[in-house]
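Peer 1: Return atomic coordinates for the entry below.
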Amino acid sequence: MVWSYCKKISSEWKHQMEQKMIASEIFKDKKDNYPQSVSKLFVGTRLNGEDINPKAVQALGTEKMKYAVPVTKYDRKGYKPRSRQLLLTANSAIIVEEGKLKQCIDYAALKDISVSSLSDGLFVLHVSSEDNKQKGDVVLQCDHVIETLTKIAICADKINSININQGSIKYTVGRGKEGIIDFTPGSELLVAKAKNGHLSVTAPRLNSR
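Peer 2: Down below sits the predicted model:
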């Protein structure tokens, strides 16, 4: 009976289950909003071709998009939020502003990824300081953080490189400079620059652990 059932599984459903298993391995009992993601199917992409500026698509050249999602990028110093798109290809994660490729992170230069244990959608892409093309780590926020990080983990082969942190995340602003993001539970999601110069993130508690 098991063999008969397995033979009937479509390639699309098999891929869905594989992604969900990886998400479980990374986030189960570690990130507060993981349970809410279990019942929701992962989609192939959050942005279709018409949602992305043709100039950005043309700039990709032969690189084929595997996943795309709207994100908010926070400036490394002043933490000003900026609307961006995150495109994933077989070789890199690309930050896009309208028709411009603002930053291209080769997966070889992606050291690891940090995310909090709360229900916020923030995550940090930590890049190698040896890559002269990079200005520093990238602070992003996304409405589909479990799905997006699972996609990055698969595309970049970084399943074991996602760090789930409690309290705070440190990241590189530039050469020799460090920034800090503080996370605290609260009644609603709030992201703002604190008086101490840190990025302060308050997120509602969805599940008690």
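
Peer 1: which residues are in contact with the helix or strand hosting residue 154?
Peer 2: Assigned by DSSP states H and E, residue 154 belongs to helix 145-156. Helix 145-156 is contacted from outside by 19, 22-23, 26-27, 31, 33-34, 37, 40, 42-43, 66-67, 69, 71, 86, 88-90, 93, 107, 110, 113, 115, 120-123, 142, 158-159, 161-162, using Cβ atoms under 8 Å, 6 or more residues apart in numbering. Every residue, glycine included, has its C-beta placed from N, CA and C.

Peer 1: What of stretch 23-37?
Peer 2: Residues contacting stretch 23-37 (Cβ under 8 Å, 6+ apart): 38, 42, 115-119, 145-147, 149-150, 153, 159, 162, 164, 203, 205-207, 209.

Peer 1: of those, buried ones?
Peer 2: 42, 115-119, 145-147, 149-150, 153, 162, 164, 203 (16 or more other Cβ atoms under 10 Å).

Peer 1: Let's see the pLDDT reported for the residue nearest the centre of the chain.
Peer 2: Here the mean C-alpha position of the chain is nearest to the C-alpha of residue 149 (Cα atoms, centre = their mean), at a distance of 4.3 Å. Residue 149 is assigned a pLDDT of 98 by the prediction.

Peer 1: Same question for the one 10 residues further on.
Peer 2: pLDDT for residue 159: 95.

Peer 1: same thing with residue 126?
Peer 2: Confidence for residue 126, expressed as pLDDT, is 95.

Peer 1: what helix or strand does it sit in?
Peer 2: Short version, using DSSP H and E: residue 126 is in strand 122-127.

Peer 1: Which neighbouring elements make contact with that strand?
Peer 2: Helices and strands touching strand 122-127, by 3 or more Cβ pairs under 8 Å, 6 or more residues apart in numbering; DSSP states H and E, are strand 110-116, strand 138-141, helix 145-156, strand 168-174.

Peer 1: Determine the set of other helices and strands touching the shortest one.
Peer 2: Under the contact criterion of 3+ Cβ pairs under 8 Å, 6+ apart, strand 138-141 touches strand 67-74, strand 81-88, strand 122-127.

Peer 1: Please repeat the previous calculation with a cut-off of 10 Å.
Peer 2: Other elements packing on strand 138-141 under the criterion 3 or more Cβ pairs under 10 Å, 6 or more residues apart in numbering; DSSP states H and E are strand 67-74, strand 81-88, strand 92-97, strand 100-106, strand 110-116, strand 122-127, strand 168-174.

Peer 1: Given it, what are its sheet partners and their directions?
Peer 2: According to DSSP bridges, strand 138-141 forms sheet pairs with strand 67-74 (antiparallel), strand 122-127 (antiparallel).

Peer 1: Ok, the last one next?
Peer 2: Strand 168-174 has the following sheet partners, assigned by DSSP bridges: strand 177-186 (antiparallel).

Peer 1: Please point out which parts of the strand it pairs with sit buried.
Peer 2: Buried, per 16+ other Cβ under 10 Å, within strand 177-186: 179, 181, 183.

Peer 1: Nearest to residue 127 among those residues?
Peer 2: residue 179 (13.6 Å; Cβ to Cβ).

Peer 1: one step back: mind putting the helices and strands packed on strand 138-141 into CSV with distance to residue 196?
Peer 2: Below are the helices and strands packed on strand 138-141 laid out as CSV (distance: least, Cβ to Cβ, whole Å):
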stretch, distance to residue 196
strand 67-74, 16
strand 81-88, 19
strand 92-97, 27
strand 100-106, 27
strand 110-116, 18
strand 122-127, 18
strand 168-174, 11
